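> my questions concern the predicted model and sequence given below.
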Amino acid sequence: MKRFLMIGAMLVAGFMPFIAQAAQDPVASQNPNMSQAQTVIACENLKEQIEHKIISNGVKQADFTLEVVDAEQAINDGGKIVGSCNRGKQKIVYSRVTHSAGNEKSDK
């Protein structure tokens with residue numbers, strides 16, 4: 001009985017890195033040869049999910065923007081990074097929008 005438990009524990013421990021890697025990017029891990037268009041669609045889907053979560057927390061859609069940008073651009077963008085896609089090559093950046101006298105400007 002102890003041997004079965006020990007073997008089971010070793011098998012689980014041996015497969016954990018593979019399970020964690022698959023969980024990080026499930027869309028890209030299904031097909032590593034994904035085209036750029038498919039990657040953009042996956043990023044847009046993630047962006048929509050994040051948008052729905054923000055709205056469900058009581059923030060009006062007119063009060064924020066979400067953008068999918070390259071990782072290097074996200075660092076210099078000034079907004080808050082709220083998501084990552086395309087294996088970390090692209091980031092989803094959240095910015096508050098301030099409304100003043102009918103003029104909208106992004107407050108990053």
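Thanks, I have it. Please read these numbers as outputs of a predicted model, since none were measured by experiment. Numbering: from 1, shown residues only.
> going forward, measure contacts and count neighbours with C-alpha atoms only.
Fine.
> residue ranges of the helices in the chain, please?
For the chain, applying DSSP state H gives helices covering 2-24, 26-30, 36-56, 71-77.
> for the third one, buried residues please.
It refers to helix 36-56. Neighbour-count burial for helix 36-56, with 16 or more other CA atoms under 10 Å as criterion, is recorded at 39, 42-44, 46-47, 50-51.
> and the contacts of it?
27-28, 61, 66-68, 82-83, 85-86, 92 (CA atoms under 8 Å, 6 or more residues apart in numbering).
> out of these, which are inside strands?
The strands, defined by DSSP state E, take in 66-68, 82-83, 85, 92 from the contacts of helix 36-56.
> buried only: go through the residues you listed for me.
Looks like those have 66-68, 83, 85, 92 buried, using 16+ other CA under 10 Å.
> any idea how far Ser95 is from Ile54?
Ser95 sits 12 Å away from Ile54, going by CA to CA, to the nearest Å.
> can I see the domain layout of the chain?
With domains defined by automatic domain parsing, the chain comprises 1-33, 34-108.
> pick out the shakiest of the ones you listed, pLDDT-wise.
Among the domains of the chain, domain 1-33 has the lowest mean pLDDT, at a mean of 54.
> of the buried ones among the ones in strands among the contacts of helix 36-56, closest to His99?
Relative to His99, the closest of these is Leu66; by CA to CA it sits at 16.6 Å.
> check contacts around the closest one.
By CA under 8 Å, 6+ apart, the neighbours of Leu66 are 47, 51, 92-95.
> re the thing from before, and the contacts of helix 36-56 as a markdown table, adding distance to Arg3?
Converted to a markdown table, the contacts of helix 36-56 look like this (distance: CA to CA, whole Å):
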| residue | distance to Arg3 |
| --- | --- |
| Val27 | 37 |
| Ala28 | 37 |
| Gln61 | 57 |
| Leu66 | 52 |
| Glu67 | 53 |
| Val68 | 50 |
| Val82 | 45 |
| Gly83 | 43 |
| Cys85 | 42 |
| Asn86 | 42 |
| Ile92 | 48 |
